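Enquirer: Here is a sequence together with a model predicted from it:
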Amino acid sequence: MSGPLRLLVLVSGSGSLLQALLDAQAAGVLPAQVVAVGADRESCTGLERAERAGVPTFVEAVSAHPDRAAWDVALAKQVREYAPDLVVTAGFMKILGPTTLGCATFINTHPALLPSFPGAHGVRDALAHGVRVTGSTAHLVDAGVDTGPIIEQRVVEITDDDTEETLHERIKAVERIMLVDVVTRMATGGWRVEGRRCLVG
Ligand code: GAR
């Protein structure tokens, strides 16, 4: 790989994780360049953050295609255009298809300590179960739902008065730091997968 790691980020929502990457890049502490930001919907704050930073954006909505397979092929084409070394799904709330996953290495953050509480409601499910600690997991994306090899995990304690919102905000604060750390380590040291483990550096 010559030059900084080419990073493509996929978003669906507020994009605060994307902002952490953009801020680290602007501060000169991220050995990577966000080359594009894609979304699965026409309008979201994540796309606005990318536009403000002058990063190219694209939208590929499932509803614009006859089925998920066609969406997968179209998204893969968009991703390939930017030749990313690494793709980060930062609050991207769609399961990626095989064609897209074949384009690059994908990493995701999930707001729970996997393999506990996978899926779209990791924060709510951890609270409902009554666990005393939860956190965030950075992992490689595979064909399953939050099942890929784990790269890093950070713990967040749950307090008696936590709501889904207060807990998710504390998790996201941890995730923003973890994601910048993980991308930095992957960009500088590379990565390899050994069974269920992803070894970085
Ligand atoms: C983060 O908590 C991330 O882990 C989660 O969405 C949030 C995105 O926040 N991702 C998932 O739940 C993926 N299944 P953001 O939009 O502010 O970056």
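Expert: Arrived safely, thanks for sending.

Enquirer: mind checking how far the residue lying farthest from the centre of the chain is from Ala173?
Expert: Most distant from the centre of the chain: Asp160, at 28.7 Å, with distances by Cα atoms, centre = their mean. As judged by Cβ to Cβ, to the nearest Å, Asp160 and Ala173 stand 20 Å apart. Yep, even glycine has a C-beta here, placed from its N, CA and C like the rest.

Enquirer: Please report phi then psi for the residue in the chain that the ligand sits nearest to.
Expert: Proximity of the chain to the ligand (Cβ to the nearest ligand atom) peaks at Gly91, 2.6 Å away. When quoted as degrees, to the nearest 10, the phi and psi of Gly91 stand at phi 70, psi 30.

Enquirer: wait, Gly13 sits on Gly46?
Expert: Yes. Using Cβ atoms under 8 Å, Gly13 makes contact with Gly46 at a distance of 6.2 Å.

Enquirer: Roughly how far does the residue farthest from the centre of the chain sit from Leu127?
Expert: Following Cβ to Cβ, the distance that separates Asp160 from Leu127 is 11 Å.

Enquirer: How about the residues of this structure by the ligand?
Expert: Residues of the chain lying near the ligand by Cβ under 6 Å from any ligand atom: 13-18, 46, 90-91, 93, 109-111, 122, 171-172, 175.

Enquirer: Show me those that map onto strands.
Expert: Those of those mapping onto strands are 109-110, per DSSP state E.

Enquirer: list the residues that contact both of Gly13 and Gly46?
Expert: Residues touching both Gly13 and Gly46 by Cβ atoms under 8 Å, 6 or more residues apart in numbering: Gly91.

Enquirer: quick one: which of these two has more around it?
Expert: Gly46 (27 against 16; other Cβ atoms under 10 Å).

Enquirer: Pull the contacting residues for that one.
Expert: 9, 11-15, 18, 37, 39, 90-91.

Enquirer: can those go into JSON lines with extra columns for pLDDT?
Expert: Listed next are these as JSON lines, based on pLDDT from 0 to 100:
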{"residue": "Val9", "pLDDT": "98"}
{"residue": "Val11", "pLDDT": "98"}
{"residue": "Ser12", "pLDDT": "97"}
{"residue": "Gly13", "pLDDT": "96"}
{"residue": "Ser14", "pLDDT": "96"}
{"residue": "Gly15", "pLDDT": "97"}
{"residue": "Leu18", "pLDDT": "98"}
{"residue": "Val37", "pLDDT": "98"}
{"residue": "Ala39", "pLDDT": "98"}
{"residue": "Ala90", "pLDDT": "98"}
{"residue": "Gly91", "pLDDT": "97"}
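
Enquirer: Okay then, goodbye and thanks.
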